[in-house]
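In: Take this sequence and fold it.
(2 chains)
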Protein chains: 2
Amino acid sequence: MTKNQFFSGEIKVEPIGIVKNGIAQPPLVAKEDGLHRNDAGGSAMETMRGSHVQQSEIVLAPDLAGLLAGIDEYSHIVVLYWGHAVPLHGRRLATTHPAGLEKYPKQGIFATCSPARPNPVLMKVVRLLRRDGTHLFVEGLDAIDQSPVLDIKPYVADMYPQEDVRIPDWMAQIQKEFARQ
Amino acid sequence: MTKNQFFSGEIKVEPIGIVKNGIAQPPLVAKEDGLHRNDAGGSAMETMRGSHVQQSEIVLAPDLAGLLAGIDEYSHIVVLYWGHAVPLHGRRLATTHPAGLEKYPKQGIFATCSPARPNPVLMKVVRLLRRDGTHLFVEGLDAIDQSPVLDIKPYVADMYPQEDVRIPDWMAQIQKEFARQ
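Out: Sure thing, here's the model as predicted:
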């Protein structure tokens, strides 16, 4: 339940499902001074580099089967999920070195893809490999195991501009560093 | 606060800001049998067709200024906002005629861009026209006035595949119908 300066109503978000992929540790963790690589579950860099081919299973509640009618017609879907491993202090971060890499100057959190942000509603476009009832098998999800799933949307490429799009140099560098094969 | 079969923790989402654009009525409203066009605030079709050039102001909380450092380097941003006009029964819909248009067969909600969905966390890529402190002026936001804003993310075109993307025929038709100029 939320009351703040912008909205007097209630924002009630309830998970519709969960991610299963065996990735126990997030590759980045928020400390008081920003994101740091977390090599506890293997190489954080390798986990991030491999996320575009990571296969995951999204298990939705059985009573949501009807809402998936027609989803198989899409090659890609948008997954919104909750960054449940983000600690409270991670939601208070103002800036961070992008991807926890000190070679890139600190940026405001909203200018980064940091999972630690005021509302860690995380989003990724993934390939839908197949569906078995309310189980979706996808490739490219950067969530960790047990992440609560909040929404599934169709991915329609025309809604994502490709021309006349500008990004900062550091982000272009990071994109190269984590490039798809 | 949320407890369900997938997650025993709490999902607490708090608005970080609000949309101002003078659009009082959503172009689509959820009834028990799906979405319907809402012509109360003018032509719903015109509102939807015009959304790609709609200018909006996003007013963020002043204490979030630091989180915006570097955002001006992007031509486009991703806005997550809450569909606060979606009624509770809209969150229980299973299927709808896409965009409230009966000529398109009913689809499962997750296969559509319906604002009425279990968690109405809505998302749009918009052009960032300019920033004045914590006020962002954007083009292309399809939110209505007073929509609570949940997150601002950078838009990085490379993260949105353009090749080998398949969508259903009805969605391709709708894309044509609401095409940018």
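
In: what does the strand or helix carrying residue A:46 contact?
Out: In the assignment (DSSP states H and E), residue A:46 maps to helix A:44-50. For helix A:44-50, contacts defined as CB atoms under 8 Å, 6 or more residues apart in numbering or on different chains pick out A:23, A:25, A:27, A:28, A:37, A:38, A:41, A:99, A:100, A:142, A:178. C-beta: built from backbone N, CA, C; applies to glycine.

In: Give me the buried stretch members for the helix or strand bottoming out on mean pLDDT in chain A, please.
Out: The weakest-scoring helix or strand in chain A, judged by mean pLDDT, DSSP states H and E, is helix A:44-50 (a mean of 88). The neighbour-count check on helix A:44-50 (16 or more other CB atoms under 10 Å in any protein chain shown) flags A:44, A:45, A:47, A:48, A:49 as buried.

In: that older thread, dump the contacts of helix A:44-50 to JSON lines, plus secondary structure and distance to chain B.
Out: Output for these, formatted as JSON lines (DSSP: H, G, I helix; E, B strand; the rest coil; distance: CB to the nearest CB, whole Å):
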{"residue": "A:23", "secondary structure": "coil", "distance to chain B": "17"}
{"residue": "A:25", "secondary structure": "coil", "distance to chain B": "17"}
{"residue": "A:27", "secondary structure": "coil", "distance to chain B": "16"}
{"residue": "A:28", "secondary structure": "strand", "distance to chain B": "15"}
{"residue": "A:37", "secondary structure": "strand", "distance to chain B": "20"}
{"residue": "A:38", "secondary structure": "coil", "distance to chain B": "20"}
{"residue": "A:41", "secondary structure": "helix", "distance to chain B": "20"}
{"residue": "A:99", "secondary structure": "helix", "distance to chain B": "12"}
{"residue": "A:100", "secondary structure": "helix", "distance to chain B": "16"}
{"residue": "A:142", "secondary structure": "coil", "distance to chain B": "10"}
{"residue": "A:178", "secondary structure": "coil", "distance to chain B": "10"}
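
In: ok so, going back, which of the residues in the next helix or strand after the least confident helix or strand of chain A are buried?
Out: Reading on from helix A:44-50 to the C-terminus, the next helix or strand found by DSSP H and E is strand A:55-60. Of the residues in strand A:55-60, A:56, A:57, A:58, A:59, A:60 count as buried by neighbour count, 16+ other CB under 10 Å.
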